[in-house]
Every structure is written in C-alpha cells, then in structure tokens.
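Q: Here's my sequence, what's the structure:
(one chain, ligands or ions: 2)
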Amino acid sequence: MESQQVEMVLTGIPAVAGIAVGPVVRPAPRVSADVRTGPIPESDRDAEAEALRAAAATVAARLRERAAAASGAAAEVLAANAAMAADPGWLAAARKRIDAGDPAPAAASAATEEFATLFTRLGGLMAERVTDLRDVCDRVVAELAGAPEPGVPTPERPSVLLAEDLAPADTAGLDPALVVGIATSLGGATSHTAIIARQLGIPCVVGVAGLDDVPVGAEVLVDGGAGSVTVGPDPREAARLVAEYRAIVVRNAAWTGPGATSDGHRVEVLANVQDGAGARAAGETAAEGIGLFRTELCFLDRDSEPTVAEQEAIYREVLDAYPDGKVVVRTLDAGSDKPLRFATHPDEANPALGVRGIRIAARDAGILDRQLDAVAAAGAGRTARPWVMAPMIATPAEAEDFAARARARNLVAGVMIEVPAAALLAEAILARVDFVSIGTNDLAQYTMAADRMSPELAALTDPWQPAVLALVARTAAAGRAEGKPVGVCGEAAADPVLACVLTGLGVTSLSAAAPAVAAVGATLATVTQDACRRAGEAVLSTTTPEEARAVARRILFGD
Ligand code: PEP
Ligand code: MG
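A: Residues are numbered from 1 along each chain as shown. Ligands and ions are numbered 1, 2, ... in the order given. Next comes the predicted model:
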C-alpha cells in the first residue's frame, strides 16, 4: 500500500512482550445513549423501567454464558460484568432517572456515570473498573435499541486489534489465533486489557499516543516488549522479527525448570497468585513455588473481616498447590489501590502514603494476628513451613515486630522491601527477619514519587529506572552480607531481560505472574551468571531506563 511505505513508530507502555504483525481491526461502534430524548410521559415510565430491566437481564445472561465458556481471569471478568449488569443499585439509580422523565438509554448512561465518578474517586483498582461499567452500559443501550452487541469483530485473517481501551467483555472472548496483537490508546499496565492479553499470551501495548488516527486495514507491527506500534513496517523486517519471536515462544514452552543460569547458578523461579485456582494454575507451569500470594485480593468484596476458619480454608487451598514447596503468603496489603472495607482507613488525602499494608496493624494488631493464626493453622502438618511476609515495611522496628509475631507461630518470617527507607536500611532489616522480597511496583512508585497507576507517569515508574535498580542492588548486597534470601516479586521479575539483571545484582528468587514464568526461566537458562553480573553492574552506571535496557541487552545477548 502506497501510504504505508513510510514507517511511523508510535510508542506506549509495554504490557505483554511479543511481536505481532497484521492489518488493523477496531471494535464495532457503540450505540449512542442519546438516541431518544425525554421527558417521557408519566404513564410510560413503568414500561420504560421494565424495558431497561429486561435489557439488563438479557445482557447479564449473555455475559454469564460467555463466563461459563471462558476460563481463568477471563471467566472472572465476565462473571463480574454479568453481576454489574444485574446490579440492583445500578438499576435503582437508573429507575430514579426514569421516574424523573429520562428515557431508558439516557437513564442507564446517567446511572453509570454516577457509579463511574464514585469509582474514579476511589482510585486504583476501582478506577480501572470504570471501563467495565461503561461497557456493560453500552451493551444494555444497544440491547434497548435492538442493535447488535458492540465489540470486537471476528477478523477473517490474523489481525491487530486497536482501540481506545478494550472492555473486558471484548478481550475475554478473543481468539489469539485471529487477534495476534493488541494496542490501546488508554489504559495502564494493570488495566483489564493488559491482564487479559497477558493471560491469552497476546503481545500488547497500552497508552499509545497517536493510535486513534491509524485507519482500519493499515498494516501494523506491535512490539509488546518495546512498547511500540509501527505503522507500515518494512515487510521483510517484520517477517524476520515475527519468525524470531515464534522461535522464542517455542523455546519458552519447552522450559521445564528449575531456575538457573546456563552455567548452573540457581535462582528460584516462582509464581505470583491471588487464590487457590491461581496457585493450581501455577502448579501446571514450571514455577517452583509461590513467591507472592496477595491475600488482600481474596477479600475485596467483603464488608467484614473473614473469620480465622474462613481464612484458613482459603490459605490451605494455596498451600496445597505446593505441598512440599515454598509458598510465601503476604499479609493483607489493604489500603490505597486495594481498599478493604473492613481494614482501610476511610478518609485519607493521600492513600498511597497513608495507613496501608503493615500500618493497619499498628492501629489494629488483631487483624494481623488473626491472619497469622489462619496461615499457621493452614500450614499445620506440612513438611515445608509456610513463609509469611509483611507489605509496606518502612523501619527495622516494624520488621522486628512482624518477625516476632510470625516466629511465635512457627512461620518463616520476612518482609517486603517496597519503601525506599527499607531498601536503604536493608541490612538492619535483614538482621531481624529470615528473608526479604522486593516489591518493585511500589518501590518504583515511592522512589520516583510517581503514581504506579498513572499511564501518564509510566515512564517514571518503569522498573528499569536506574534509581530503582540502585535500591535493588543495595538490598541484594545486604542479603549477601547477612546470608539471607532476597527475592523480587514485583512486575520487574516478569520481564525476562530484567530478570537476568536482577540475578546479576544478587537476587536469589524471581516471582512473576504464572504466564510470565516460562519466558523468565527460559531466558535465564541462556545466559551465564557472569554475564548477568556484568549486566547488573553496567545498569548501575546508566541514567535512563532506555540506556539500562540497551546496555543490558548488549551484554546479555550481544544485541
Ligand atoms: C509490589 O509493590 O511490587 C508488589 C509486589 O506488591 P503489589 O503490587 O501487590 O503492591
Ligand atoms: Mg506493593
């Protein structure tokens, strides 16, 4: 195509590594909620409300059906959306609008925006659910209009899906054989688009500037690792990159562990999970254990604290996935982007800097003690003692207090290093605990003073930031000095190249989302410990993430 002879490279946030080439497809347009204007006569309002209820019920049923046909995160997302469509609170808010004279589509849309404002104000994970809310509303509005369901068309040949942001119901039903790449102009690295794309193994870039102007049918190349979208790529170069990527996919799939460099330096490769199903899924991979069990994610929908018995049952499911292996249970990291109704400080101006993680225990040690009781009970009788770690530790005193509580219950005691103060005093902290695990997501957020959820600040919260790597290096050195394990369980560990650098800096375990495990292990197996060490040393002399990436790649792979 003539217009594609000049390459144009758009950049965004890397979400799922991999290369994909194909023509652009875009989701079908949404039906406007303003198709009918009010006010509607009073006598018609009951019928209008009934039409809305019926449309919402149809959409909910359809989403439930698709949830039943999907698996893993996709099934959860679709089920959650089905619940949203059937939510009595949302229907009641819309009914109020209808009673004031709004037609059903406008009422549904206004009620959705009420909820969207509330979710946005809550921030973090809740704010990321706003796309889901609006998607459900769009489906209901289309149903009311008798229009086809909005969403992603089924392409005839392998294509790249471009969109502003993808609704979970769109991404959850994607066929990775036909949608080979995804790029969105909105969304952060933890948006649903990114989560589902990761689960499906579809290369994905989010937050791409200039994407909305790329026309349907244009040939594009998505590089999910580099975070770029090339419009009109050179076909021969594109084919070469795709072939190279396919070979890597085959190599990764063949990796069976355990984690080690090519010359046998052992580094445990573990999985991050959030429940029993996730732990069992991790057990299907070559992950040697669980490096981070985010317990707070089990209780996001609870109004009151789960009982010790309830918690014990949930923790046991995760421990059972690795009966003889290492399982690191993180105590509740409530607050900020993961508010728990029973544990979160209600009104804080700056929740990320507020009472979150271990700080909740300072106000109410009972929650922590009961959780540790539950972990201990769940681990009773196992050959391997459960490991527990506290999030958001800022001082050695906090670490000491936590370790005492954990050891009193015969649990292996550790803490997360995700506050710069803790990295700076890592030696003193390590002297008081059995291990530490570096949370690079928060460590980057707090080191760079940049909200980890903000797509606008994604360049600052890049875990390749040399300042963040310097704190990782300092923590790993403290681990060597104290002779204790130092893991990484933030997203940095899911980046295969960075995983090699972290190994070189002295990190002893890497814990990543299960779909990333094979790529991390397989890549590590191609490099020597010495190359990792040299790459680790070299990144510490850089001043930008780009420079750090380039220098590491050169040393590790000769790129
Ligand atoms: C981190 O901060 O890197 C981490 C692993 O914890 P979370 O992402 O759950 O805050
Ligand atoms: Mg964290």
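
Q: Restricting to C-alpha, output whatever helix or strand residue 318 lives in in PDB.
A: Residue 318 belongs to helix 308-321 when assigned by DSSP states H and E. What follows is helix 308-321, C-alpha atoms only, in PDB (Å, rounded to 0.1, in the frame of the first residue of the first chain):
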ATOM      1  CA  VAL A 308      -9.900 -17.300  61.000                       C
ATOM      2  CA  ALA A 309     -11.600 -20.600  59.800                       C
ATOM      3  CA  GLU A 310     -12.600 -19.000  56.600                       C
ATOM      4  CA  GLN A 311      -9.100 -17.600  56.000                       C
ATOM      5  CA  GLU A 312      -7.600 -20.900  56.900                       C
ATOM      6  CA  ALA A 313      -9.600 -22.700  54.200                       C
ATOM      7  CA  ILE A 314      -8.600 -20.200  51.600                       C
ATOM      8  CA  TYR A 315      -4.900 -20.300  52.500                       C
ATOM      9  CA  ARG A 316      -4.900 -24.000  52.700                       C
ATOM     10  CA  GLU A 317      -6.000 -24.200  49.000                       C
ATOM     11  CA  VAL A 318      -3.000 -22.200  48.000                       C
ATOM     12  CA  LEU A 319      -0.600 -24.100  50.300                       C
ATOM     13  CA  ASP A 320      -2.000 -27.400  48.900                       C
ATOM     14  CA  ALA A 321      -0.900 -26.500  45.400                       C
END
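
Q: list the contacts for residue 161?
A: 24-27, 152, 174, 179, 181-183 (CB atoms under 8 Å, 6 or more residues apart in numbering). In short, each C-beta sits where N, CA and C put it, glycine included.

Q: again, but for residue 106
A: By CB under 8 Å, 6+ apart, the contact set of residue 106 is 33-34, 36-38, 97.

Q: what about 10 Å?
A: By CB atoms under 10 Å, 6 or more residues apart in numbering, residue 106 lies in contact with 32-38, 40, 94, 97-98, 141.

Q: Turn those residues into JSON lines, including distance to residue 269 and secondary structure.
A: Formatted as JSON lines, the contacts of residue 106 follow (distance: CB to CB, whole Å; DSSP: H, G, I helix; E, B strand; the rest coil):
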{"residue": "32", "distance to residue 269": "49", "secondary structure": "coil"}
{"residue": "33", "distance to residue 269": "48", "secondary structure": "coil"}
{"residue": "34", "distance to residue 269": "52", "secondary structure": "coil"}
{"residue": "35", "distance to residue 269": "53", "secondary structure": "coil"}
{"residue": "36", "distance to residue 269": "56", "secondary structure": "coil"}
{"residue": "37", "distance to residue 269": "59", "secondary structure": "coil"}
{"residue": "38", "distance to residue 269": "59", "secondary structure": "coil"}
{"residue": "40", "distance to residue 269": "60", "secondary structure": "coil"}
{"residue": "94", "distance to residue 269": "48", "secondary structure": "helix"}
{"residue": "97", "distance to residue 269": "52", "secondary structure": "helix"}
{"residue": "98", "distance to residue 269": "55", "secondary structure": "helix"}
{"residue": "141", "distance to residue 269": "46", "secondary structure": "helix"}
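
Q: The helix or strand harbouring residue 59: how far from the chain's middle?
A: Secondary structure from DSSP H and E places residue 59 in helix 45-69. Relative to its chain's centre, helix 45-69 lies at 29 Å (CA atoms, centre = their mean, to the nearest Å).

Q: Name the residues of it that are buried.
A: Using 16 or more other CB atoms under 10 Å as the burial criterion, the residues of helix 45-69 that qualify are 45, 48-49, 51-53, 55-56, 59-60, 62-64, 66-67.

Q: Likewise for stretch 318-325?
A: 318-319, 321-322, 325.

Q: Just the closest of these to ligand 2, please.
A: residue 318 (18.4 Å; CB to the ion).

Q: can you pull the contacts of that closest one?
A: 273-280, 282, 290, 293, 295, 298, 327, 329, 375, 378, 386.

Q: one more time with 7 Å
A: With contact taken as CB atoms under 7 Å, 6 or more residues apart in numbering, residue 318 is in contact with 273, 275-276, 279, 290, 293, 327.

Q: Need the pLDDT of the closest residue in space to residue 426 that isn't next to it in sequence.
A: Leaving aside its chain neighbours, residue 426 sits nearest to residue 478 (3.7 Å; criterion: CB to CB, 6 or more residues apart in numbering). pLDDT, residue 478: 98.

Q: Residue 478 belongs to a helix?
A: Yes. Residue assignment for residue 478, taken from DSSP: H, G, I helix; E, B strand; the rest coil, places it within a helix.

Q: Do I have it right that it meets residue 432?
A: No. Using CB atoms under 7 Å, residue 478 is not in contact with residue 432; the gap is 11.8 Å.

Q: which one of those two has more residues nearby?
A: Under the neighbour definition other CB atoms under 10 Å, residue 478 and residue 432 were set side by side, and residue 478 has more, 23 against 18.

Q: For residue 194, see how far away that one is.
A: 32 Å (CB to CB, to the nearest Å).

Q: residues contacting residue 297?
A: residue 274 are the contacts of residue 297 under CB under 7 Å, 6+ apart.

Q: any idea whether it is helix, strand or coil?
A: helix.

Q: That one and residue 102, how far apart?
A: 37 Å.

Q: And for residue 217?
A: From residue 217 to residue 102 the distance is 39 Å (CB to CB).

Q: Residue 381 now?
A: In terms of CB to CB, residue 381 sits 60 Å off from residue 102.

Q: between the contacts of residue 106, which has the most around it?
A: Most neighbours among those, by other CB under 10 Å: residue 94, with 28 neighbours.

Q: Please look at that one and residue 51 and confirm they touch.
A: No. Contact between residue 94 and residue 51 fails when scored by CB under 7 Å: they sit 11.1 Å apart.

Q: how about the residues of the protein near ligand 2?
A: 418, 439, 442 (CB under 5 Å from the ion).

Q: so who does the first one touch?
A: Residue 418 is in contact with 391-392, 438-439, 442-443, counting by CB under 7 Å, 6+ apart.

Q: Looking at those residues, which two lie furthest apart in space?
A: The most widely separated members of the contacts of residue 418, counting by CB to CB, are 392 and 438 (12.8 Å).

Q: which one of these two has more residues nearby?
A: residue 438 (30 against 24).

Q: Okay, and the beta partners of that one?
A: When bridges are called by DSSP bridges, residue 438 pairs up with residue 417, residue 488.

Q: Okay, buried residues for the helix holding residue 318 please.
A: 308, 311-312, 314-319, 321.

Q: want to throw those residues into a markdown table with pLDDT and distance to residue 265?
A: Shown next, in a markdown table, are the buried residues of helix 308-321 (pLDDT from 0 to 100; distance: CB to CB, whole Å):
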| residue | pLDDT | distance to residue 265 |
| --- | --- | --- |
| 308 | 98 | 41 |
| 311 | 98 | 37 |
| 312 | 98 | 37 |
| 314 | 97 | 36 |
| 315 | 98 | 32 |
| 316 | 97 | 34 |
| 317 | 96 | 33 |
| 318 | 97 | 29 |
| 319 | 97 | 28 |
| 321 | 96 | 27 |
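
Q: What is the nearest of those to ligand 1?
A: Using CB to the nearest ligand atom, residue 318 comes nearest to ligand 1 of the buried residues of helix 308-321, at 15.3 Å.

Q: Distance check, the closest one against residue 368.
A: Residue 318 is 18 Å from residue 368, by CB to CB.

Q: same question, residue 114
A: 36 Å.

Q: Compare these two (neighbour count), which wins?
A: A count of neighbours by other CB under 10 Å puts residue 368 above the other of residue 114 and residue 368, at 22 against 17.

Q: so which strand or helix has the more buried one?
A: Per DSSP H and E: helix 365-379 holds residue 368.
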